[in-house]
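Engineer: Just need the structure, nothing else, for what follows:
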Amino acid sequence: MLATLIDAPFDDREWVFETKWDGFRLVAETGGGNGSLYSRNGNDVTRRYAQVAEALQAIKRDAVIDGELVALDAEGRSRFQLLQNALRGKARLRYYVFDLLFLDGYDLRGKPLTERKAHLRSILSRHPLLHYSAHRKQQGKAAFDKARRAGEEGIIAKRAASLYHSGKRTTEWLKIKASHEQEAIIVGFTEPRGSRQYFGSLVLGVYDNGKLVYVGHSGGGFSREMLATLHARMMKLRTDKKPFTDAPHEGRTTWIRPRLVCQVKFTEWTRDGEMRQPVFLGMRTDKPARQVKRERA
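Structural biologist: Modelled structure (predicted):
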């Protein structure tokens, strides 16, 4: 179940408000002393995040759980870019769980959200990697102000009586962002300048009404290691085919097939539909490129 973006927080006694975690959405399966993890596009990532899967073994009930895998910074805030270090064991991982779909063979998706969350909290075992995503009732504006002051990504508003609609984007769940972030498709890269190696900036696009459109260049946010790793991946996808009808800055651009998805933060959208000052945060492996669209509130 996916949330719809809106542009402002609100108060409503029929809604609850949670932290918008800045990580990877993962579904967990538990029971029989086992724990498994699946990405948003259905890939089994249990081995990739083995320590979290091991933590799930502490849950003794047969359950299907929805949650978000995050990496925490020094202040305890979730930061998407820190997840890039997870596979090297350098990230402070946490799995924040916020919904329960099945319990001991019973389908709970037709039950109200607050009832599902109560069941979830009752089965969650104490473990440093597993955390229940708490919510605040009615006071969405206060929840948003708290998230903004803390430097978090934003909040999720959920209708307290909402049912769970697997794989669907719905207005029963809403997201309100305190900062601008966007998934983007890498469609090319420019030549490096000065002391920069491998490439200068990424050329980014998103799908709009089924058409791939240009949304900006990102030249910041890369470590030396990421520059080398990403350049190697992009070189394997080189193509002579231009992705845009009116390709910007094409003279020094190497085009690649639109397969790679990244996350960027930026200051605002321009009137031309481009991101102003986009900064690279990290690669996304949980969403295919064809599903990347500009998010409009």
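
Engineer: Per-residue pLDDT of Q84, please?
Structural biologist: Note for Q84: predicted pLDDT of 73.

Engineer: and the closest residue to it other than its chain neighbours, which of the three is it?
Structural biologist: With CB to CB, 6 or more residues apart in numbering as the criterion, Q84 has its nearest non-adjacent residue at 4.6 Å, and that residue is G282. C-beta: built from backbone N, CA, C; applies to glycine. Three-state assignment for G282 (DSSP: H, G, I helix; E, B strand; the rest coil): strand.

Engineer: List the contacts of G282.
Structural biologist: Taking CB atoms under 8 Å, 6 or more residues apart in numbering, we find G282 in contact with F80, Q81, L83, Q84, C262, Q263.

Engineer: Report pLDDT for the last one.
Structural biologist: Which is Q263. The model reports Q263 with a pLDDT of 93.

Engineer: And the helix or strand containing it, how far out from the chain middle?
Structural biologist: In the assignment (DSSP states H and E), Q263 maps to strand 253-266. In terms of CA atoms, centre = their mean, to the nearest Å, the centre of strand 253-266 is set 16 Å apart from its chain centre.

Engineer: by contact count, what packs against that strand?
Structural biologist: If contacts are counted by 3 or more CB pairs under 8 Å, 6 or more residues apart in numbering; DSSP states H and E, strand 253-266 sits against strand 180-190, strand 202-208, strand 211-218, helix 224-235, strand 275-276, strand 279-284.

Engineer: And that strand, what's buried?
Structural biologist: Buried positions in strand 253-266, judged by neighbour count with 16 or more other CB atoms under 10 Å: 253-258, 260-266.

Engineer: Provide a list of residues in contact with R109.
Structural biologist: Contacts of R109 (CB under 8 Å, 6+ apart): L101, F102, R116, L163, Y164, H165, S166.

Engineer: please redo it, this time with the cut-off set to 10 Å
Structural biologist: Going by CB atoms under 10 Å, 6 or more residues apart in numbering, R109 touches M1, V64, D99, L100, L101, F102, R116, L163, Y164, H165, S166.

Engineer: ok, now E181?
Structural biologist: Taking CB under 10 Å, 6+ apart as the test, what E181 contacts is 20, 22, 80, 153-154, 263-266, 275, 278-279, 281, 295.

Engineer: okay, the buried residues of strand 253-266 in a markdown table with distance to R13 next?
Structural biologist: Converted to a markdown table, the buried residues of strand 253-266 look like this (distance: CB to CB, whole Å):
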| residue | distance to R13 |
| --- | --- |
| T253 | 53 |
| T254 | 55 |
| W255 | 52 |
| I256 | 50 |
| R257 | 50 |
| P258 | 44 |
| L260 | 44 |
| V261 | 38 |
| C262 | 39 |
| Q263 | 34 |
| V264 | 36 |
| K265 | 33 |
| F266 | 35 |
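
Engineer: between the residues you listed, which is closest to K158?
Structural biologist: Nearest to K158 out of the buried residues of strand 253-266 is Q263 (CB to CB; 23.0 Å).

Engineer: isn't that closest one right up against L281?
Structural biologist: Yes: the criterion here is CB atoms under 10 Å, and Q263 meets it with L281 at 4.4 Å.
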